[in-house]
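Colleague: 3D, please:
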Amino acid sequence: MDISHVSARHRSFPIAGVAIGVAAFVAVSWIYLGRGRDQNSASAGVANTINQETAKLNVKRRTIELTSEKATRVRNAIKHADYSTTNSIAAEVLANSHLQNWRFYPFSDFIQGITDVSDPAFEAHLNEWVAQNKSDAIPLLVRAQYYYALGWFKRGDHFVKDTQADDLAAFKDYMTKALADVDAAIRLNDRNPFGYYLKLRVLHGSGPSEKFKSAFDEAIAKYPDYYSLYDIALGTLDPRWGGTIGEMYAFVDQYAGHAAQFSSLKLLYLSLYRDLLNFASVVCPSNGRDTDQLAQCVASVMQRIVKPRLEDQVVTALQLYDHSDNYQFGVVVEPILFDMLKAAGGDVYSGTILQLAATAMHSDTQLKEDKPGGNNYVIDKAVSESWYLKGFYDNALRKDQEALDDVVAAAFPSDEEKDLAVAGIYENIGGDYNKLNQYADMIAYEKAAIALGNDTEDQHFICYGYYRLKAYNDAVRECTKTIDDQPANVQARYWRGVAYRDSDQPDAALRDLTAVADSESDYRTDAAIDISMIYFNRDDNRSALGVLNKYRYLYDPNTNSRDGMAVSYNNRCYAFMQLGELKEALDDCTASLKYGSIPDAFRKQQELIRRLNAHEVGL
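Modeller: Residues are numbered from 1 along each chain as shown. Purely as a prediction, here's the structure:
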């Protein structure tokens with residue numbers, strides 16, 4: 001992704017399916033009874049509380065149209081075949097875009113906000129737009145970005161070995177189409193750096209091929225100061241993509257080592273450290289591993305791959321803060337710090353770099369600062385993230401609230417960028433309240449973030465909050481709004497599905513949950529279990545079994561947790577048992593007990609052994 005403001009931290013929330021599945025066959029019939037009652041009174045009380053919390057924030061009324069809103073206008077204009085509007089808005093954004101120290105802004109943000117991967121008619125409209133503007137590169141770039149986004153939407157975030165073959169084939173096909181479009185766009189207009197950036201992103205998926213290397217050389221020959229090009233190339237040399245650690249060092253030495261003293265390319269040292277830490281974390285898998293053992297493994301790997309001079313070079317990179325635009329420096333450094341903090345087992349290393357960054361940015365990492373009010377808000381956010389990832393959510397909230405105070409004193413190049421910075425902090429505070437189970441506060445801050453920054457990427461947390469407050473009709477409404485704004489938001493579709501389920505609308509629930517189960521989303525396992533539960537509650541055991549047999553990933557240890565595997569086998573054991581297929585049922589209950597200790601699985605196993613023995617005696 002081209003460097004831009006950082007959206008809210010990746011936040012998790014408890015999934016309903018596994019919890020329901022564990023208890024599924026102790027008392028199946030209780031699951032849906034009475035859940036749709038008292039919706040009006042619940043909604044009224046929740047709405048009143050949220051309105052009070054939102055009013056306390058006193059969010060200012062925006063007077064400018066954000067880049068994301070312009071992207072939405074273009075998306076809607078494309079769907080209505082209003083290509084004169086799309087042309088004028090896109091041309092205006094491009095004319096007002098500039099290659100800054102580390103990014104091409106705002107055009108990169110703009111073009112990535114146009115795509116709608118869930119609308120089957122969107123491609124046809126794009127084709128029509130391209131056909132009507134054969135001498136304009138922008139429609140081709142928009143269509144290339146669409147193919148790129150659709151390819152990754154189909155593939156998901158899993159490794160190749162864990163991705164369904166059909167989805168992987170679709171990914172490759174869409175990348176081929178994206179590459180053809182971006183090449184055509186560059187031939188029409190090579191004065192737009194985004195085309196070169198998008199081409200590298202497309203080729204990145206195939207690793208450090210000769211085609212990628214040639215494209216990179218062509219790109220930096222045209223735009224030698226465009227940092228994002230170098231960052232993509234460095235990431236492509238990661239061993240996980242087919243490169244080597246040695247190649248990563250050689251690349252950084254070539255471009256950062258020979259750059260001027262305060263060149264933006266010096267930041268490659270920090271990016272290299274981040275990539276090495278992430279590599280060490282991945283090759284030391286955390287599944288089933290003690291946290292101390294994981295940390296020891298990461299330390300062992302880092303000792304082998306981090307050269308002695310690299311930390312000094314990172315310090316040099318961080319000194320760019322005093323020799324460049326402070327706001328732009330914060331924009332590029334924030335996601336790098338957050339990536340390192342998320343590296344499992346790497347706390348010692350990420351904490352060291354965070355302290356170095358804080359020192360360079362004249363800030364304090366203490367929970368209780370000696371001199372509050374003088375921090376850079378990016379450091380506040382990073383310190384909050386560190387506490388958040390360790391599970392200290394009160395401390396995370398405290399540092400995010402300090403970030404809100406410090407952002408007021410910061411200088412910004414425009415009102416839009418200040419609004420986006422404040423909105424990002426609102427989103428993080430919403431995440432803190434989520435973990436603290438204060439859902440009304442979470443919803444208030446999420447709504448404030450959208451009102452100020454129009455970043456709807458995490459809008460599903462609003463519908464999730466209403467779901468947790470048992471205001472199911474409100475949850476459905478907010479999830480639907482999220483899906484309208486962000487059609488590819490699978491989380492919103494999942495939570496709308498469970499809200500439909502718990503408000504006694506199983507047919508509507510099945511439509512949403514099936515869409516999720518058929519995706520590559522991390523929610524697919526829970527959606528599949530939820531679907532089977534709906535059929536079990538209808539006493540339709542044959543359909544439940546069909547679902548449990550259809551989704552093979554339910555039994556794949558590479559894509560499902562041990563608890564999830566235990567639930568999947570336990571539920572299928574029950575289905576086989578109800579249908580009289582006792583041998584298959586026993587096999588599944590035995591498999592379930594290999595992965596977990598569900599009490600009901602023990603009971604069913606003993607019952608099945610007794611019935612099978614009785615059947616053999618009878619023979």
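Colleague: make it CA atoms for all contacts and neighbour counts henceforth
Modeller: Will do.
Colleague: avg pLDDT for stretch 296-304?
Modeller: The pLDDT scores in stretch 296-304 average 97.
Colleague: Just give me how far that stretch sits from the chain centre.
Modeller: In terms of Cα atoms, centre = their mean, to the nearest Å, the centre of stretch 296-304 is found 27 Å from the chain centre.
Colleague: how about it as PDB, C-alpha atoms only?
Modeller: Listed next in PDB are the C-alpha coordinates belonging to stretch 296-304 (Å, rounded to 0.1, in the frame of the first residue of the first chain):
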ATOM      1  CA  GLN A 296      13.900 -17.100  22.700                       C
ATOM      2  CA  CYS A 297      13.400 -18.400  19.100                       C
ATOM      3  CA  VAL A 298      12.900 -14.900  17.700                       C
ATOM      4  CA  ALA A 299      16.000 -13.800  19.600                       C
ATOM      5  CA  SER A 300      18.000 -16.700  18.200                       C
ATOM      6  CA  VAL A 301      17.000 -15.800  14.600                       C
ATOM      7  CA  MET A 302      17.600 -12.100  15.100                       C
ATOM      8  CA  GLN A 303      21.100 -12.700  16.400                       C
ATOM      9  CA  ARG A 304      21.900 -14.600  13.200                       C
END
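Colleague: buried stuff in that stretch?
Modeller: Neighbour counts over stretch 296-304 (16 or more other Cα atoms under 10 Å) mark Cys297, Val298, Ala299, Val301, Met302 as buried.
Colleague: quick one: which of these is nearest Ile450?
Modeller: Nearest to Ile450 among the buried residues of stretch 296-304, counting by Cα to Cα, is Val298 at 38.0 Å.
Colleague: I'd say the closest one and Phe279 touch.
Modeller: No - if you go by Cα atoms under 8 Å, Val298 and Phe279 don't touch, sitting 9.1 Å apart.
Colleague: For Asp485, see how far away Leu270 is.
Modeller: Relative to Asp485, Leu270 is positioned 35 Å away (Cα to Cα, to the nearest Å).
Colleague: same thing with Tyr196?
Modeller: 29 Å.
Colleague: Compare those two (neighbour count), which wins?
Modeller: Set Tyr196 next to Asp485 and count neighbours by other Cα atoms under 10 Å: Tyr196 wins out with 24 against 16.
Colleague: OK, contacts around the more buried one?
Modeller: Counting by Cα atoms under 8 Å, 6 or more residues apart in numbering, Tyr196 makes contact with Val182, Ile186, Ala215, Ala219, Leu229.
Colleague: One more pass at 7 Å, please.
Modeller: Ala219 (Cα atoms under 7 Å, 6 or more residues apart in numbering).
Colleague: With Cys297 instead?
Modeller: Cys284.
Colleague: Over to Val130?
Modeller: Pro139, Leu140.
Colleague: State the mean pLDDT of stretch 51-66.
Modeller: On average, stretch 51-66 scores 85.
Colleague: For that stretch, list every residue counted as buried.
Modeller: Result for stretch 51-66 [16+ other Cα under 10 Å]: buried residues Glu53, Thr54, Leu66.
Colleague: Next up, the contacts around Val252.
Modeller: Contacts of Val252 were listed using Cα under 7 Å, 6+ apart, and they are Leu268, Tyr269.
Colleague: so where does it fall, helix or strand?
Modeller: helix 245-255 (DSSP states H and E).
Colleague: Can you give me the buried ones in whichever helix or strand comes after that helix?
Modeller: As assigned by DSSP H and E, the chain's next helix or strand after helix 245-255 is helix 268-283. Going by neighbour count (16+ other Cα under 10 Å), the buried part of helix 268-283 is 268-281.
Colleague: next helix or strand past helix 268-283?
Modeller: helix 291-305.
Colleague: Next, the angle from that next one to helix 268-283.
Modeller: 130 degrees (axes from the mean of the first three to the mean of the last three Cα atoms, to 10 degrees).
Colleague: Helix 291-305 to helix 245-255, inter-axis angle?
Modeller: Using the same axes, to 10 degrees: helix 291-305 against helix 245-255 is 60 degrees.
Colleague: Who are the contact partners of Leu179?
Modeller: Counting by Cα under 7 Å, 6+ apart, the residues that Leu179 touches are Ala144, Lys199, Val202.
Colleague: I'd say the second one and Ala184 touch.
Modeller: Put plainly, it is Lys199. No - counting by Cα atoms under 7 Å, Ala184 is not a contact partner of Lys199; they are 10.9 Å apart.
Colleague: where does the stretch 51-200 of the chain have low pLDDT?
Modeller: Counting by pLDDT under 70, not a single residue of the stretch 51-200 of the chain qualifies.
Colleague: show me where the stretch 51-200 of the chain has helices.
Modeller: Secondary structure of the stretch 51-200 of the chain (DSSP state H, counting those that start in this stretch): helices at 67-79, 83-95, 107-112, 122-132, 137-155, 165-188, 193-204.
Colleague: May I see those organised as a markdown table, with distance to Phe262 added?
Modeller: Listed next are the helices of the stretch 51-200 of the chain as a markdown table, based on distance: least, Cα to Cα, whole Å:
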| stretch | distance to Phe262 |
| --- | --- |
| helix 67-79 | 30 |
| helix 83-95 | 28 |
| helix 107-112 | 25 |
| helix 122-132 | 42 |
| helix 137-155 | 33 |
| helix 165-188 | 31 |
| helix 193-204 | 22 |
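Colleague: Nearest to Tyr439, out of these?
Modeller: For Tyr439, the closest of the helices of the stretch 51-200 of the chain is helix 67-79, at 26.6 Å, according to Cα to Cα.
Colleague: what angle do that closest one and helix 83-95 make?
Modeller: Using the same axes, to 10 degrees: helix 67-79 against helix 83-95 is 150 degrees.
Colleague: So which other helices or strands are in contact with helix 67-79?
Modeller: helix 83-95, helix 107-112, helix 122-132 (3 or more Cα pairs under 7 Å, 6 or more residues apart in numbering; DSSP states H and E).
Colleague: Distance to Pro599 for those helices - can I get that in CSV?
Modeller: Compiled in CSV, the helices and strands packed on helix 67-79 are given as follows (distance: least, Cα to Cα, whole Å):
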stretch, distance to Pro599
helix 83-95, 60
helix 107-112, 49
helix 122-132, 50
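Colleague: Please identify the deepest-packed of these.
Modeller: Most buried of the helices and strands packed on helix 67-79 by mean neighbour count (mean count of other Cα atoms under 10 Å) is helix 107-112; its value is a mean of 22.
Colleague: Trp102 contacts Tyr226, correct?
Modeller: Yes - assessed by Cα under 7 Å, Trp102 is found in contact with Tyr226 at 6.3 Å.
Colleague: quick one on the thing from earlier: closest one to Ala492 out of the buried residues of stretch 51-66, please.
Modeller: Thr54 (21.8 Å).
Colleague: How about the contacts made by that closest one?
Modeller: Applying Cα under 7 Å, 6+ apart to Thr54 gives the contacts Ala444.
Colleague: Lys199 and Ala184: which is more packed in?
Modeller: In terms of neighbours (other Cα under 10 Å), Lys199 is the more surrounded of Lys199 and Ala184; the figures are 27 against 17.
Colleague: and the more buried one, how far is that from Leu320?
Modeller: Lys199 sits 28 Å away from Leu320, going by Cα to Cα.
Colleague: Kindly report the same for Asp339.
Modeller: Separation of Asp339 from Leu320 (Cα to Cα) stands at 20 Å.
Colleague: Which of the helices and strands packed on helix 67-79 sits closest to Ile138?
Modeller: helix 83-95 (7.5 Å).
Colleague: Report the angle between that closest one and helix 122-132.
Modeller: Counting by the same axes, to 10 degrees, helix 83-95 lies at 80 degrees to helix 122-132.
Colleague: Alright, I will stop here.
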